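Enquirer: Any chance you could fold what I've pasted below:
(chains A and B)
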Amino acid sequence: MPTANDNGFLQSNDYITKNSITQTNPYASEANAVKLYGIDTMTDRHSVAFTFAITSAGDQVRFAPSTGSSTATDYLKFRIQDESGNEAYSTTYQSSAPTANIDINTAALNPADDWTVLFQTSNNSGRTKVKFQFKFGTGQITGNGTGTVSYTLS
Amino acid sequence: MGQFQVNFVGDEANELFLEPVFFDDDISNQWRVMPNVVTKKKMGFVQPLENVVRKYAGCGFNPLGEVKVYDRSIEVEKAKVDLEICWDEFQDTVFEELLQRGVRLPDVTGTLIQEIITQRTIQAIRQDIVRLGYFGNTASSNPNYDLVDGLWSVFYPGLVADDLIPRTNTGSGTDIAAGDGIEILRAVYDQAPLQLKALPTNQKVINVSGSVYSAFREDIEEAGGGDYGLLQLINGVETLTFRGIPVVAQWRWDEILTNLGVTKPHYVEYTTPLNKVLATDVTNPATELTTWYNEKDEKVYTKSRFKMGVNYIHHSLISVGY
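Expert: Presented below is the predicted three-dimensional model:
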């Protein structure tokens, strides 16, 4: 005998509440009759943390992951592009050394431009994914900047 | 079943019979095709507004009520098909009669051989799109399934886990008992969100795996319906209906799910075809292919390139059983 509504669906369940999507601008007026909410990625995420260090005034960028990848099918990918259309990238599987440094030769990039770093990672054969981008300013590039990037699931 | 008549003067005359390929339904009948999606397309949703009417007792303005707007995106992934043919496969066989003569010998374009591969490629793309649309899973290690996320493999289980759509436990893994063919459809129908219930009957469809379809038909027969009762002729096609809604057998679901390791799958999808989106960058992926002969390689190549992605629109228009 089949069992209807085995999972406990309720007519009153709504997408925004069930997916814990937050308001796009939480500082907007509470009384607004139309409220915008963010996007649900439909993909589980995992926490990621790494440091970066620019060396030789922009000839190389070293990323040092501290968490985020642990199994054979995980990958971390960094792609750096300047404002002149040049790009440098690295793809590496982290199976044997999940915290091994990832060095990218950026000698072909223009240090007088700001650089955009596009970062992607996936764990467990793609079951969890994270991707985001951030910028290096010209001062950081020529000044051998260092820093930490941390994405922690709340 | 396709059949090619081969007429030529040679050692033997042949007829080639193509093994049957079946399609449960046309792609455009099962999906809302969203063309010209190149990378990602956002779909915006506006939630309903209600309970804003209040007593008016005196001066003043008290804002009340809000409409929530959210969006999801449908992403497409790049897909490809690569096939090649060298004439040497047919060397010294009766099929060598099909090849061209002289310097054009290796060029199989325009011959029956190329016609076969073109027809089979178009059919294969159609089969694969439907299979990926329902059962694709980017987390799969199987290259036949890892292109996109599908409805049964990713989206519906996610919605069930979030209690956004109701799910009937159909007892997959065991045989369907007598009478349960109708009971399964009744449960999926009765549990449906009110929005789906309110939709006109002619806009809805109940897609079922072959096992459920067979059980439903047997239940009708046992109840004395035979070939009549709930059986209708629609456009010349015999159609079973449940409470006026067409019940469509998806025989391939049984085949695919069994290949994926699901024993005795009993799947039911009650929705409207307009609620399932197949996004692509072309008009029809199944016909997006090209064939050419390379003089240097002496081979004929067939290739297809397109993008595709799958998603649903409203969770309130879906009721499932598995």
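
Enquirer: Output the set of residues of the stretch 201-322 of chain B in proximity to chain A.
Expert: Those residues of the stretch 201-322 of chain B that sit near chain A, judged by C-beta under 8 Å from any C-beta of the partner chain, are B:315, B:321. (Glycine included, C-beta is placed from N, CA and C.)

Enquirer: burial of the residue in the stretch 201-322 of chain B positioned nearest to chain A, as a residue count?
Expert: When scored by C-beta to the nearest C-beta, the stretch 201-322 of chain B has B:H315 as its residue closest to chain A, at 6.3 Å. The tally of other residues near B:H315 (other C-beta atoms under 10 Å in any protein chain shown) stands at 22.

Enquirer: since we're on the closest residue to it other than its chain neighbours, how many residues are nearby?
Expert: Among residues not flanking B:H315 along the chain, B:L164 sits closest, at 4.4 Å (C-beta to C-beta, 6 or more residues apart in numbering or on different chains). Number of residues near B:L164 (other C-beta under 10 Å) recorded here: 21.

Enquirer: Pull out the buried positions in stretch B:164-175.
Expert: For stretch B:164-175, the neighbour count (16 or more other C-beta atoms under 10 Å in any protein chain shown) marks B:164-172 as buried.

Enquirer: For B:E12, give me the pLDDT.
Expert: Each residue has a pLDDT score; the one for B:E12 is 51.

Enquirer: Equivalent analysis for B:G60, please.
Expert: Looking at B:G60, its pLDDT reads 89.

Enquirer: Kindly provide the distance from it to chain A.
Expert: 14 Å (C-beta to the nearest C-beta, to the nearest Å).

Enquirer: Using the three-state scheme, assign that residue.
Expert: Of the three states, B:G60 takes coil under DSSP: H, G, I helix; E, B strand; the rest coil.

Enquirer: what sits against it?
Expert: By C-beta atoms under 8 Å, 6 or more residues apart in numbering or on different chains, the contact list for B:G60 is empty.

Enquirer: pretty sure the residue nearest to B:H315 is touching B:L317, no?
Expert: No. Distance between B:L164 and B:L317: 11.3 Å, which falls outside the contact criterion (C-beta atoms under 8 Å).

Enquirer: show me where pLDDT drops low in chain A?
Expert: Residue ranges of chain A with pLDDT under 70: A:39-43, A:68-74, A:91-98, A:125-127, A:154.

Enquirer: Swap in 90 and give it another go.
Expert: Applying pLDDT under 90 to chain A flags the ranges A:1-8, A:11-50, A:57-58, A:64-79, A:83-85, A:89-102, A:118-133, A:149-154.

Enquirer: Show me where it has its strands.
Expert: Here chain A has its strands, by DSSP state E, at A:34-39, A:48-55, A:60-67, A:75-81, A:87-93, A:102-105, A:115-123, A:128-136, A:146-151.

Enquirer: Over to the stretch 1-150 of chain B?
Expert: For the stretch 1-150 of chain B, applying DSSP state E, counting those that start in this stretch gives strands covering B:3-5, B:15-17, B:32-34, B:40-46, B:67-75, B:77-86.

Enquirer: Out of the ones you listed, flag the one nearest chain A.
Expert: Using C-beta to the nearest C-beta, the nearest of these to chain A is strand B:67-75, at 4.0 Å.

Enquirer: Export the strands of chain A as a markdown table, with columns for distance to B:Q191.
Expert: Output for the strands of chain A, formatted as a markdown table (distance: least, C-beta to C-beta, whole Å):
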| stretch | distance to B:Q191 |
| --- | --- |
| strand A:34-39 | 27 |
| strand A:48-55 | 40 |
| strand A:60-67 | 42 |
| strand A:75-81 | 41 |
| strand A:87-93 | 45 |
| strand A:102-105 | 50 |
| strand A:115-123 | 35 |
| strand A:128-136 | 31 |
| strand A:146-151 | 39 |
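
Enquirer: So which of these is nearest B:W152?
Expert: Each of those has some distance to B:W152 by C-beta to C-beta; the shortest is strand A:128-136, at 20.8 Å.

Enquirer: can you give me the angle the closest one makes with strand A:75-81?
Expert: Strand A:128-136 runs at 30 degrees relative to strand A:75-81, counting by axes from the mean of the first three to the mean of the last three C-alpha atoms, to 10 degrees.

Enquirer: what sits up against strand A:128-136?
Expert: Taking C-beta under 8 Å, 6+ apart as the rule, strand A:128-136 contacts A:43-46, A:48, A:54, A:61, A:68, A:80, A:114-123, A:145, A:149, A:151.

Enquirer: Got the phi and psi for A:S84?
Expert: Torsion angles at A:S84 (phi, psi; degrees, to the nearest 10) stand at phi -100, psi 0.

Enquirer: that older thread, could you redo the strands of chain A as TSV and give each row mean neighbour count?
Expert: Below are the strands of chain A laid out as TSV (neighbours: other C-beta atoms under 10 Å in any protein chain shown):
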stretch	mean neighbour count
strand A:34-39	15
strand A:48-55	18
strand A:60-67	18
strand A:75-81	18
strand A:87-93	15
strand A:102-105	16
strand A:115-123	20
strand A:128-136	15
strand A:146-151	13
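
Enquirer: Mind checking those for the one nearest to B:L278?
Expert: Closest of these to B:L278 is strand A:34-39, at 20.7 Å (criterion: C-beta to C-beta).

Enquirer: Which elements pack onto that closest one?
Expert: Applying 3 or more C-beta pairs under 8 Å, 6 or more residues apart in numbering or on different chains; DSSP states H and E, we find strand A:34-39 packed against strand B:67-75.

Enquirer: Quick one: distance of the strand it packs on to the chain centre.
Expert: Taking C-alpha atoms, centre = their mean, to the nearest Å, the mean C-alpha location of strand B:67-75 is offset from the chain mean by 24 Å.
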